[in-house]
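Undergrad: Sequence and computational prediction follow.
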Amino acid sequence: MPRPAATGRAGVGVVGAGTMGAGIAYVFAMADFPVFLVEPQAASLARATANLEEAAAAAVSRSKMSADQARSRLAGITSVADAKGLPLGLDLVVETVPERLALKQQVLAQVADRAPGLIASNTSALSIDALADAVNDPARFLGMHFFNPVWSLKLVELVRGAKTSDKAIADAQGFVEAIGKVSALVTDTPGFATSRLDLVQALEAIRMVEDGVASPADIDRAVMTAYRHPIGPLRLSDMVGLDVRLDIARQLSGSLGAHFAPPKLLQDMVARGELGQKSGKGFYDWSAEINTQKQG
């Protein structure tokens, strides 16, 4: 699929500037797509902007691009306060708000009113068919499940709903290829493929901490060394957000059974506000990183 910047097409919208939304905006911007990033909260937008600049600086330091290229690509990201303010007729809009069915449906209905060519949800567990109820043309709707950190992990899981058209799948595959990633096509089943596999490991690692088997650092070290994973399940859970892990576990335990029931330790940590990287504390201490971002 030709890039919009090269063809004069409209560009890509990303709704939600959290960890995933910022990452998705970044990979499209770095691939030279015009990007419209929707975020109503000034503080969240400021954090996303800082993260985007940090990621671009890291890419420059690794000689992935020049400083001028990085500045130009970041300048191609336009902030928008509300999904209703997205330009009409964008090529693709990716919704990436928190994993709440009613919230996602509300946002998707607003996105559909802007008549983009393709609408996608970055959900990791919610039913695409249930979300499609909010879209006026479900043939052009599917799941596009990115992985954190978006700029370094190559997979995008495409989730086909019952009414998703072949054209929508082909278009989504084209976008994935254009940003230098690889797609895997799955059907709309609870947890899809990757969320089920990832959550099983994460929940078992949390149970091991809960049972006193080993420290989070030792569990992560064991997984990384023995299985050659680039990051351990507990550090990754902190990065994803322990509240997100809890939401997904509750959703999948309801549809797939007790095997996915969230451990009490996870529930207690979220109740205490220990959400991982974004709160400064989870299985690891992230406070130094947060302080550095504030000072920057």
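TA: Good, I have the coordinates. Numbering: from 1, shown residues only.

Undergrad: C-alpha only now, for contacts and for neighbours.
TA: Fine.

Undergrad: Tell me how this structure divides into domains.
TA: Listed domain ranges for the chain are 4-187, 194-295 (source: automatic domain parsing).

Undergrad: What average pLDDT does the last one get?
TA: Read that as domain 194-295. Averaged across domain 194-295, the pLDDT comes to 92.

Undergrad: go on, stretch 120-128?
TA: Averaging pLDDT along stretch 120-128 gives 92.

Undergrad: Could you list the residues in contact with stretch 148-163?
TA: Contacts with stretch 148-163, where a contact means Cα atoms under 8 Å, 6 or more residues apart in numbering, come from 19-20, 23-24, 26-27, 55, 128-129, 132, 138-139, 141-147, 169, 172, 176, 180-188, 192, 194, 239-240.

Undergrad: Now intersect those residues with the strands, please.
TA: When DSSP state E defines the strands, the subset of those inside them is 141-145, 182-187.

Undergrad: For residue 156, identify the helix or strand it belongs to.
TA: strand 155-160 (DSSP states H and E).

Undergrad: are any of the contacts of stretch 148-163 buried, and which?
TA: With burial judged by 16 or more other Cα atoms under 10 Å, the buried subset of the contacts of stretch 148-163 is 19-20, 23-24, 26-27, 55, 128-129, 132, 138-139, 141-147, 169, 172, 176, 181, 183, 185, 188, 192, 194, 239-240.

Undergrad: element containing residue 289, please.
TA: Secondary structure assigned from DSSP H and E places residue 289 in helix 287-295.

Undergrad: Now do the helices in the stretch 1-150 of the chain.
TA: Counting by DSSP state H, counting those that start in this stretch, the stretch 1-150 of the chain has helices at residues 4-7, 19-30, 42-61, 67-75, 101-112, 128-132.

Undergrad: what's the closest of those to residue 231?
TA: With Cα to Cα, the closest approach to residue 231 among the helices of the stretch 1-150 of the chain belongs to helix 19-30: 17.1 Å.

Undergrad: Report all helices and strands that that closest one contacts.
TA: Other helices and strands packing on helix 19-30, by 3 or more Cα pairs under 8 Å, 6 or more residues apart in numbering; DSSP states H and E, are strand 12-15, strand 35-38, helix 42-61, helix 67-75.

Undergrad: List the contacts of it.
TA: Helix 19-30 is contacted from outside by 12, 14-16, 34-37, 48-49, 51-52, 70, 73-74, 76-77, 96-97, 146-151, 179, 240, using Cα under 8 Å, 6+ apart.

Undergrad: Relative to the whole chain's centre, how far out is stretch 169-186?
TA: In terms of Cα atoms, centre = their mean, to the nearest Å, the centre of stretch 169-186 is set 15 Å apart from its chain centre.

Undergrad: Between the two ends of that stretch, what distance do you get?
TA: Criterion Cα to Cα, to the nearest Å; first-to-last residue distance in stretch 169-186 is 11 Å.

Undergrad: Out of the helices of the stretch 1-150 of the chain, which is the most enclosed?
TA: Highest mean neighbour count of those: helix 19-30, a mean of 25 (counted as mean count of other Cα atoms under 10 Å).

Undergrad: okay, the angle between that one and helix 67-75?
TA: 120 degrees (axes from the mean of the first three to the mean of the last three Cα atoms, to 10 degrees).
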